[in-house]
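Peer 1: Curious how this folds, go ahead:
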Amino acid sequence: MNCFIIGIGTSAPNGIEIIKNVYLEILKYEQIYIIAISPMYLNSAFGKETLFEFINSSIKLKTSMHPDSLWFVLKTIENKFGRVRIKKNGPRLIDLDILWSNIGSIKTAYITIPHLEFKKRPVALKTANDIGLI
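Peer 2: The predicted model follows:
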């Protein structure tokens, strides 16, 4: 099984509830095992100055799934929670990103691991540290 760090973010007013429900949704997949969950952090959105704040967390999981298959699962969960892609780095109900994997560097049609912005985002590094990556 391979290990992955998944970044979770939301700018929804009920973001804590959404993130907790995402944890539960991920647990419904028999091939995915959550092994660590970081605390949640309130922070400003990445990129341009905005009026909204994000709640961010990360999970460490193990799975035998191919990284593309895991990506499809994460996008399915985003859609189930009402994710609509309007603009890059804009407000959103939920955002799930594969940040890192023990497999090493991966680039497919769908994903790049490690995530291209992973080391540029302090909250992503903080939550990864919280669950033992760094």
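
Peer 1: Give me the sheet partners of the helix-or-strand element of the chain with minimal mean pLDDT and which way each runs.
Peer 2: The helix or strand of the chain with the lowest confidence, counting by mean pLDDT, DSSP states H and E, is strand 41-44 at a mean of 87. Strand 41-44 has its sheet partners listed here by DSSP bridges as strand 53-63 (antiparallel).

Peer 1: Sort out which residues of the next helix-or-strand element following the strand it pairs with are buried, please.
Peer 2: Using DSSP states H and E, the helix or strand that follows strand 53-63 in sequence is helix 67-80. Neighbour-count burial for helix 67-80, with 16 or more other CB atoms under 10 Å as criterion, is recorded at 67, 70, 71, 73, 74, 77, 78. Bear in mind the C-beta positions are built from the backbone N, C-alpha and C, glycine included.

Peer 1: residue boundaries of the helices in this protein?
Peer 2: Counting by DSSP state H, one finds helices in the chain at the ranges 15-27, 67-80, 122-130.

Peer 1: Residue 41: which of the ones you listed is closest?
Peer 2: Set against residue 41 and scored by CB to CB, those come closest in helix 122-130, at 5.5 Å.

Peer 1: Counting neighbours, show which residues of the closest one come out buried.
Peer 2: Neighbour-count burial for helix 122-130 [16+ other CB under 10 Å]: 123, 124, 125, 126, 127, 128, 130.

Peer 1: neighbours around residue 60, how many?
Peer 2: Applying other CB atoms under 10 Å, we find 22 residues neighbouring residue 60.

Peer 1: how much space is there between the residue lying closest to residue 122 once chain neighbours are set aside and residue 16?
Peer 2: In space, and not counting its chain neighbours, residue 122 is closest to residue 43: 7.9 Å by CB to CB, 6 or more residues apart in numbering. Counting by CB to CB, to the nearest Å, the gap from residue 43 to residue 16 is 14 Å.

Peer 1: same check, this time on residue 61
Peer 2: Using CB to CB, residue 61 is found at 20 Å from residue 16.

Peer 1: Now the buried residues of helix 67-80 in TSV, please, with extra columns for distance to residue 102 and pLDDT.
Peer 2: TSV is the format used below for these (distance: CB to CB, whole Å; pLDDT from 0 to 100):
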residue	distance to residue 102	pLDDT
67	11	95
70	13	97
71	16	96
73	18	97
74	17	96
77	22	96
78	24	92
